[in-house]
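with the input below, show me the fold.
(2 chains)
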Amino acid sequence: MTQLALVIDLNVCVGCHACVTSCKQWNTSGPAGYMCDDNPYDRDPTGTFFNRVQSFEIGEFPNTETVHFPKSCLHCEDPPCVPVCPTGASYKREQDGIVLVDYDKCIGCKYCSWACPYGAREFDEHQKVMKKCTLCVDRIYDEKLPESERKPACVLACPTNARLFGDVHDSGSDVSIMIREEGGYQLMPEWGTKPSNHYLPRRKTRIRIHEDELIRADNPLKKEGLKPAKVIDDQTLDDVTSW
Amino acid sequence: MHPAFSVIFLTTLIGAGQGLFLALFTAQSYAAVEFVTIKNPHQFYAYGSAIALALLLAGLVASFFHLGHPERAWRSAAQWRTSWLSREVLVLPAFMFIVFVYGTMHYFNRDPMIIDVQNQPLQGQLSLYVGITGTLLCFTLFVCTGMIYACLKFLQEWHSPLTVINYVLLGTASGFTLATAYSAFMAPNLVNLFGTWAAIITLAALISRSASLFRNSRIKHKSSLQSAIGIRHTNIQQKAMGLMGGSFNTREYFHHAKSGFLKSIKWIFLILVFIFPVILLSAGINQKSNDLLITAFLVQYIGLLAERWFFFAQANHPQNLYYQTV
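Predicted coordinates:
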């Protein structure tokens, strides 16, 4: 089985919102109709977005870190929003696990948005239907595009490569390797929704240096075995005397 | 959650309509075994059913205001296998149809007998069967309405059997209070019966609603900001919500009322739904005052509007964790 998903690397996300704007640009121009945008340059701008980037400050000054947190539909493996839909407009695709809304069937009762613990769904005030991230389903299978561009718009836009796209059920895929090896995690695991999108945590790269690596007790070019260890305080003439 | 008035009116109106039907059928079953006698029984049931049907219809109309696409509402019957909302959409019209049939049978006084019970014909046989069907549908509808909220496991304030029990008891209580006022005009000898039941159910509802208030006041939320964004640190502050104005996420899941207002609404509905109606009912029955009985229903209904508002406002959706600075 295939489960397409995003892996978002919080270690490299710089919070530039390029994924937000490219998502809006692609999806507002698509066949499913525009995503509304009211008062964009006025007071109280509001509109429909599939993806948003939030920022959190972790820790107490001066030991703080700013984490930028992109948030979109997580395409849960057990999506709580799907069974509650009275019309069947909300569904999860068998073939690739993408959770979608059929805008022609949606009656706009908003019940699915109550059933999503992540607040991933947004009601479009103009079209009066529930909308959400489609994982750019209209572009990832488009054979008119070169293969390198058959990815969600947000993934292509990310300048730091913080967004990875692939099949999380294929253990050999890039995303699965990243989840496995870089400590990928799911949001709110306590609800058993099994989100497909994973997040990679902040990671610190530290080199552990031992003292004997700093002080050259012996000439590494010498072939005939180790010499007795020198007292560190002593001056060593290794470099000058060995030839 | 943001309390939507369409849903508040839907649930309170159909609750009163359902309760009124239950009250009418209670009277008919009492009359069938000759516990009570009703003058002009057919008129009494027929007009009562008409009022119940009007309330159910008003609730149905209110529910359409909640929809973005009311013209597609018929589609919502599709997913009854999984969705409680879909089940409610099926049961509500079915129940309305039965109430209509029940009322019509009485209005035209068509009540054929089906079986002889040891040569002792029971009065109103067919309408009793219709009434039993209606009662079953009525309780199914209460359960569907309650389960719409109770089935959402991460809305922990709602995810409890108490939610369903409250819907049943509060709806029935308001229906019986209405039946008390209605019988004061149509069948004064039933006022005591309905009034007593109304008070008993209201007090039962007080116990179950207080239990859910108590439960919700000490609720421990499973999700935290830490589990929401997956960062294990005790000190996390949100600096940006990803939007400059509002969004659906900041409107739909917050009640946007001051905490003082929220607290006062709780006391207001406790007084209006439970305390005043019981006092007004007993005063109305003792003084044989129809006005007091009507006031009892109106006060209780207004209280139920406040109760339903509070029910929504109190529910804390875990998505709010992502919107800390609303």
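
residue 178: how many residues sit nearby?
Because you didn't say which chain, this covers chain A. Neighbours of A:Met178 under the rule other C-beta atoms under 10 Å in any protein chain shown: 18. For every residue, glycine as well, the C-beta is placed using N, CA and C.

you looked at the wrong chain, it should be chain B
So B:Leu178, with other C-beta under 10 Å, has 28 neighbours.

so who does it touch?
B:Leu178 is in contact with B:16, B:19-20, B:23, B:51, B:297, counting by C-beta atoms under 8 Å, 6 or more residues apart in numbering or on different chains.

same question, A:Leu10
A:67-69, A:162, A:199-202.

that older thread, out of the contacts of B:Leu178, which one sits closest to chain A?
B:Ala16 (22.6 Å; C-beta to the nearest C-beta).

surely the closest one and B:Leu170 touch.
No. Using C-beta atoms under 8 Å, B:Ala16 is not in contact with B:Leu170; the gap is 9.4 Å.

just the ones in helices from the contacts of B:Leu178, please.
Members of the contacts of B:Leu178 lying in helices (criterion: DSSP state H): B:16, B:19-20, B:23, B:51, B:297.

how many neighbours does the closest residue to chain A within the stretch 1-150 of chain B have?
Nearest residue of the stretch 1-150 of chain B to chain A: B:Gly68, at 2.0 Å (C-beta to the nearest C-beta). B:Gly68 is flanked by 18 other residues according to other C-beta under 10 Å.

tell me how many other residues crowd the nearest residue to it once chain neighbours are set aside.
Closest residue to B:Gly68 apart from its sequence neighbours, by C-beta to C-beta, 6 or more residues apart in numbering or on different chains: A:Gly108 at 2.0 Å. Neighbours of A:Gly108 under the rule other C-beta under 10 Å: 20.

give the residue farthest from the middle of chain B.
Most distant from the centre of chain B: B:His233, at 43.1 Å, with distances by C-alpha atoms, centre = their mean.

so which bits of the stretch 151-300 of chain B are right by chain A?
B:151-155, B:222-223, B:227-231, B:233, B:235-249, B:252-253 (C-beta under 8 Å from any C-beta of the partner chain).

what about B:Phe254, which SS state?
Counting by DSSP: H, G, I helix; E, B strand; the rest coil, the backbone at B:Phe254 sits in coil.

does it touch B:Gln319 like I think?
No. When contacts are counted by C-beta under 8 Å, B:Phe254 is not listed as touching B:Gln319 (10.1 Å).

more crowded one of those two?
The residue with more neighbours, out of B:Phe254 and B:Gln319, is B:Gln319; 23 against 17, by other C-beta under 10 Å.

per-residue pLDDT, that one?
On the pLDDT scale, B:Gln319 is placed at 96.

please read off the pLDDT at the nearest residue to B:His255 once chain neighbours are set aside from the model.
Using C-beta to C-beta, 6+ apart and skipping the chain neighbours, the partner closest in space to B:His255 is B:Ala313 (3.8 Å). The per-residue pLDDT reported for B:Ala313 equals 95.

how far away is B:Ala313 from chain A?
14 Å (C-beta to the nearest C-beta, to the nearest Å).

what number of residues lie near that residue?
For B:Ala313, the count of nearby residues is 20 (other C-beta under 10 Å).

buried residues, the helix or strand hosting it. List them.
According to DSSP states H and E, B:Ala313 maps onto helix B:290-314. In terms of neighbour count (16 or more other C-beta atoms under 10 Å in any protein chain shown), helix B:290-314 has its buried residues at B:290, B:292-314.

got it, and stretch A:149-159?
Using 16+ other C-beta under 10 Å as the test for burial, stretch A:149-159 gives A:150-158.

over to stretch B:200-214?
Going by 16+ other C-beta under 10 Å, stretch B:200-214 has these buried residues: B:201-202, B:204-206, B:208-209, B:212-213.

does the closest residue to the residue farthest from the centre of chain B other than its chain neighbours belong to a helix, a strand or coil?
Residue nearest to B:His233 in three dimensions, not counting chain neighbours: A:Ile58, with 4.9 Å by C-beta to C-beta, 6+ apart. Classification of A:Ile58 using three-state DSSP returns strand.

which ones are touching A:Ile58?
A:64-67, B:231, B:233, B:235-236 are the contacts of A:Ile58 under C-beta under 8 Å, 6+ apart.

ok, and the most crowded of the residues you listed?
When neighbours are counted by other C-beta under 10 Å, A:Val67 leads the contacts of A:Ile58 with 22 neighbours.

so that residue sits in a helix?
No. Residue state for A:Val67 (three-state DSSP) corresponds to strand; a helix is not indicated.

still on that earlier bit, same list (the buried residues of stretch A:149-159) but as CSV, adding pLDDT.
CSV is the format used below for these (pLDDT from 0 to 100):
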residue, pLDDT
A:Arg150, 95
A:Lys151, 96
A:Pro152, 96
A:Ala153, 96
A:Cys154, 96
A:Val155, 97
A:Leu156, 96
A:Ala157, 96
A:Cys158, 96
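
closest one of those to A:Arg208?
Nearest to A:Arg208, judged by C-beta to C-beta, of the buried residues of stretch A:149-159 is A:Cys158 at 31.7 Å.

apart from its chain neighbours, what residue comes closest to the spatially most central residue of chain B?
Note on chain B: the residue nearest the mean C-alpha position is B:Gly15, at 3.2 Å, using C-alpha atoms, centre = their mean. Using C-beta to C-beta, 6+ apart and skipping residues adjacent in sequence, the residue nearest B:Gly15 is B:Gly171, 2.7 Å away.

the one you found reaches B:Leu13, doesn't it?
No. Counting by C-beta under 8 Å, B:Gly171 sits too far from B:Leu13 to count as a contact (9.6 Å).

any idea of the mean pLDDT for stretch B:149-162?
The model assigns stretch B:149-162 a mean pLDDT of 96.

so how far does that stretch reach from one end to the other?
End-to-end distance for stretch B:149-162, by C-alpha to C-alpha, to the nearest Å: 11 Å.

separation between the residue nearest to B:His233 and A:Arg206?
18 Å (C-beta to C-beta, to the nearest Å).

how about the strands in the stretch 151-300 of chain B?
B:236-240 (DSSP state E, counting those that start in this stretch).

tally of neighbours for the residue in it that chain A sits nearest to?
Per C-beta to the nearest C-beta, B:Gly242 is where the stretch 151-300 of chain B lies closest to chain A, at 3.2 Å. Using other C-beta under 10 Å, B:Gly242 has 22 neighbouring residues.

please apply the same query to the one 5 residues further on.
The number of residues packed around B:Ser247, counting by other C-beta under 10 Å, is 22.

which one of the ones in helices among the contacts of B:Leu178 sits closest to B:Thr163?
Distance to B:Thr163 across the ones in helices among the contacts of B:Leu178 (C-beta to C-beta) is lowest for B:Gly19, with 17.3 Å.

correct me, but that closest one touches B:Phe176?
Yes. If you go by C-beta under 8 Å, B:Gly19 and B:Phe176 touch, sitting 5.7 Å apart.
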